[in-house]
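>>> sequence and predicted structure below; questions after.
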Amino acid sequence: QVQLVESGGGLVQPGGSLSLSCVASGSSFSLNAMGWYRQAPGKQRELVATTTSSGTPVYADSVKGRFTVSRDNAKNTVALQMNSLKPEDTAVYYCNAHGMVLMPYRYFEVWGQGTLVTVSS
């Protein structure tokens with residue numbers, strides 16, 4: 001069983017910065033994509049930023065130039081640095097990962113518990 005544990009989040013003023021991190025744990029697994037989604041009140045969950053297994057980042061248009069996603073394959077972690085935050089970035093942020101469990105060999109997708117980011121003055 002693969003699990004994700006997130007940390008970070010909180011309250012920040014508009015224009016401020018915040019960072020999130022996520023670590024995957026379990027036994028005998030390999031990760032493909034690993035990244036971040038968010039869900040604002042009354043809205044659907046949406047992609048924020050993700051990374052391929054080689055570390056190539058993919059960003060939502062709304063966060064390009066402000067957010068940076070980074071991944072450490074050796075530690076099974078992914079981080080999200082959020083700069084120039086706006087009130088519309090307020091949401092619950094979820095870490096997401098998918099890949100393969102090696103024994104028995106099968107695909108998995110897993111979500112973190114979510115962490116609240118509030119951008120407000």
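Perfect, I can see it now. Residues are numbered from 1 along each chain as shown.
>>> nearest residue to residue 36 in space, please, no chain neighbours.
residue 48 (4.4 Å; CB to CB, 6 or more residues apart in numbering). Glycine gets a C-beta too; all of them are placed from N, C-alpha and C.
>>> now residue 25
Nearest non-adjacent residue to residue 25 (CB to CB, 6+ apart): residue 3, at 5.4 Å.
>>> can you tell me the strand partners of the helix or strand hosting residue 11 and which way each runs?
Assigned by DSSP states H and E, residue 11 falls within strand 10-12. Each strand paired with strand 10-12, and its direction, by DSSP bridges: strand 115-119 (parallel).
>>> picking that back up, what does the one helix or strand the residue nearest to residue 36 maps to contact?
If you go by DSSP H and E, residue 48 is part of strand 46-51. With contacts defined as CB atoms under 8 Å, 6 or more residues apart in numbering, strand 46-51 is touched by 33-39, 57-60, 63, 67-71, 78, 80, 93, 96.
>>> run a quick neighbour tally on the residue nearest to residue 25.
Neighbour count of residue 3, defined by other CB atoms under 10 Å: 13.
>>> what's the spatially most central residue of the chain in contact with, if anything?
The centroid of the chain falls nearest to residue 36 when counting by CA atoms, centre = their mean (2.4 Å). Counting by CB under 8 Å, 6+ apart, residue 36 touches 20, 22, 47-50, 69, 78, 80, 93-96.
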